[in-house]
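Chemist: Can you look at this prediction? I've put the sequence above it.
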Amino acid sequence: MGGILVYVLHYEGALNKNSLGAVSEGAKLAGELGVDCDAVVVGGGDLTNELLGTLGSYGAKKVYRAEGAEGLAQPVIDVIDKVIADNGHNYVIFGGGLLGFEIGAGLAARRNAGVTMEVTNVVVEGGKLIAERPILGDSQISRSHYKGDLGIIIGRINAFEVKETGGGAAEVVDVQVDYSPWSNQATMVQRGEQRGADVNIEDADVLVAGGRGLGKAEGFQLCEDLAGVLGGAVAATRAVVDAGWYPYAAQIGQTGKSVAPKLYLAAGISGAIQHKVGMQASEHIVAINKDANAPIFEFSDLGIVGDLNKILPKLTEAVKAKKGG
Amino acid sequence: MKICVLVKEVPDAAVEKRIDPSTGRMDRSGEKNLNPYDTHAIEAAMQLKEGGALQVDEIVAVTMGPESAVRALHKAVSLGADRSIHLTDAALAGSDVAATGYALAKALEKEQPDVVLLGQQSDDGECYTIGAVVAEHLKAPSLTQVIKLDVVDGGLRCERQAEYGYDTVQVSLPAVISVGDAINEPRYPSLKAIMGAKKKPLETASAADAGIDASLVGGDGSRVQCGEFKAPPAKAAGTIIEDEDTDATVEQIVAWLDERKLI
């Protein structure tokens, strides 16, 4: 009784990296509390015993598996509600991402539980978990204490490190769930559609990233020119991808890729949290933005307040000259 | 058919946000405005109404907050809502996201909306989750961060970016949908709409009026107790260059990159 339950997201037979981080974190915390860490999955035939057994090596003891719709929050809320009702877990941890937020919040409403989102650190104090989350544009950290018998922790993306502990295969337990009527009101028409060209940004040492400050889709030419001379690739923010200016495969952040190049040069990017979480591990961050108050200047190593339309072309020429000379 | 739009008054973007050390809550004094994301939700409601595929009879703006939150409702009405509801009660102050979602859901229950729309996040709280809480209490499906909304087969066809690319989801009504800012360009209110906003019906409801269980709201009713604020680990401040002479600026950038062997 009284363990930690971690939701594990998957897609086409592969487990989500942030979920594996959450399992690793849950197992570590469970060890400190002297309880078990279990996992829960919802989906179809690709959730094999073999695949789910591998969660044991990240520290999961049991894996609760329910057959149900994928990519939607409501069915997962039903499953987790059932697992907790039967097994009495005191905490549920999510690795972040869109679904984690939706499931965690809905579950809090279902079970009258406390919920904290964007959590970057969890500590054990007095036999309980305390969740720490940055607030107000990461200028302060707030600590959440949970009242009652269920606490829900939704991690910030990339907050929990994936760690293999060398445990044996997890035990897979099938769960039968009667789905709520409103769980059947949403149906996935198409999942995981890739829009735009397939580009590889994850292996690049240098990324030149463009945001809304480029002004228009054609503005990306400035990024491509600079990336060309630096021997790097071009990345983009969610805002410009949603606007159709650049392919989804190049998107950095919460619902895009997470990168850690040697150099990340952000052009016309304000630096919203959702973007920051995908690139803050970069070794060197350079930002060009005309707004001196843009949050990106708070976490860049070199910030240039100015017009990117003037700076980028000259910078491209200067780098080219430097390399030529 | 009725659409309810949840709106919120937030500190103006130009105001520095801070925690009031005496209460441990956000300091909500200073200039305030309608949460910018909510204007996209109102616009989405207007487009559903004007699109004609659904027979939308009424758009109702709903907010929870202190007396000053009335201004957010006036703004919502000037942008197209037909009337508004202001849920306000000292007992609600200090509610966390789960308690706030519960209270809003109780206010919505009386309205029996077919669609509830809201912005994907508030400019101040950064929680992204109120819609999911409201939906669960209303026993309705919920989708967040929707960037395209069409009426298909009497329900809503929603597109959004999720973990593995773009998802398209068909939802039958009633449903709770939070929208992203890419979904539309909100219109500007006409002068006439601004002037007329205060004349549209505005209902004020207390916690008791909405049938809210007082033990589930406010600081005491919330299941999370936040506090003990601390500063994040300090990061060495970066170098800032104000570009006045672009040639000189570029020279500095190149030198900086070169020093770190990045060229």
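Modeler: Nice, I can see it.

Chemist: Provide the partner residues of residue A:145 in its beta bridges.
Modeler: residue A:130, residue B:225 (DSSP bridges).

Chemist: Pick out the residue of chain A closest to chain B.
Modeler: residue A:306 (2.7 Å; Cβ to the nearest Cβ). C-betas here are computed from N, CA, C, even on glycine.

Chemist: Now do that residue, the pLDDT please.
Modeler: The model reports residue A:306 with a pLDDT of 97.

Chemist: try residue A:325
Modeler: What the model reports as pLDDT for residue A:325 is 65.

Chemist: if we can go back for a sec, kindly state the pLDDT recorded for the nearest residue to the residue of chain A closest to chain B once chain neighbours are set aside?
Modeler: Nearest residue to residue A:306 in three dimensions, chain neighbours excluded: residue B:243, at 2.7 Å (Cβ to Cβ, 6 or more residues apart in numbering or on different chains). pLDDT recorded at residue B:243 is 96.

Chemist: Residue B:243: what's it in contact with?
Modeler: For residue B:243, the contact set (Cβ atoms under 8 Å, 6 or more residues apart in numbering or on different chains) comprises A:304, A:305, A:306, A:307, A:310, A:311, B:249.

Chemist: hang on, the earlier thing: dump the residue contacts of the residue of chain A closest to chain B.
Modeler: A:288, A:290, B:241, B:242, B:243, B:246, B:249.

Chemist: Just put the residues you listed in TSV and tack on distance to residue A:239 and secondary structure.
Modeler: Conversion of the contacts of residue A:306 to TSV gives the following (distance: Cβ to Cβ, whole Å; DSSP: H, G, I helix; E, B strand; the rest coil):
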residue	distance to residue A:239	secondary structure
A:288	17	strand
A:290	16	coil
B:241	25	strand
B:242	25	strand
B:243	23	coil
B:246	26	helix
B:249	26	helix
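
Chemist: Which one of those residues sits in the busiest neighbourhood?
Modeler: Within the contacts of residue A:306, most neighbours by other Cβ atoms under 10 Å in any protein chain shown means residue A:288, with 28 neighbours.

Chemist: Phi first, then psi, for the residue in chain B positioned nearest to chain A.
Modeler: Using Cβ to the nearest Cβ, the closest approach of chain B to chain A is made by residue B:243 at 2.7 Å. Backbone torsions of residue B:243, given as degrees, to the nearest 10, read phi -80, psi 110.

Chemist: Just the pLDDT for the residue nearest to residue A:197 when sequence neighbours are not counted.
Modeler: Using Cβ to Cβ, 6+ apart and skipping the chain neighbours, the partner closest in space to residue A:197 is residue A:247 (4.7 Å). pLDDT, residue A:247: 95.

Chemist: Please look at residue A:247 and residue A:201 and confirm they touch.
Modeler: No - using Cβ atoms under 8 Å, residue A:247 is not in contact with residue A:201, being 9.9 Å away.

Chemist: can you give me the mean pLDDT across the lengthiest helix in chain B?
Modeler: When chain B is parsed with DSSP state H, its longest helix is helix B:36-51. What helix B:36-51 shows for mean pLDDT is 96.

Chemist: what's next to it, contact-wise?
Modeler: Helix B:36-51 is contacted from outside by B:3, B:5-8, B:13, B:54, B:56, B:59, B:61, B:72, B:76, B:79-81, B:115, B:117-123, B:149, B:151, B:177-181, B:183-187, using Cβ under 8 Å, 6+ apart.

Chemist: ok, which of those residues also contact chain A?
Modeler: On the criterion Cβ under 8 Å from any Cβ of the partner chain, B:180, B:181 are the entries of the contacts of helix B:36-51 that sit beside chain A.

Chemist: Where does pLDDT dip in the chain?
Modeler: Looking at chain A here, since you left the chain open. Applying pLDDT under 70 to chain A flags residues A:1, A:325.

Chemist: Wait, chain B was what I had in mind.
Modeler: Looking at chain B by pLDDT under 70, you get B:14-17, B:28, B:124-126.

Chemist: how about the helices in it?
Modeler: Taking DSSP H as the criterion, chain B carries its helices at B:36-51, B:70-78, B:97-109, B:130-138, B:191-196, B:218-221, B:246-259.

Chemist: Next, the buried residues of the last one.
Modeler: Residues B:246, B:249, B:250, B:253, B:254, B:256, B:257 are the ones in helix B:246-259 that count as buried (16 or more other Cβ atoms under 10 Å in any protein chain shown).

Chemist: Would you mind giving the residues you listed as TSV with distance to chain A added?
Modeler: Supplementary listing: the buried residues of helix B:246-259 in TSV, determined by distance: Cβ to the nearest Cβ, whole Å:
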residue	distance to chain A
B:246	5
B:249	6
B:250	5
B:253	6
B:254	5
B:256	5
B:257	7
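
Chemist: Which pair in these has the greatest spatial separation?
Modeler: Farthest pair in the buried residues of helix B:246-259 (Cβ to Cβ) is B:246 and B:257. Separation: 16.1 Å.

Chemist: what's the closest non-adjacent residue to residue B:116?
Modeler: Residue nearest to residue B:116 in three dimensions, not counting chain neighbours: residue B:176, with 4.3 Å by Cβ to Cβ, 6+ apart.
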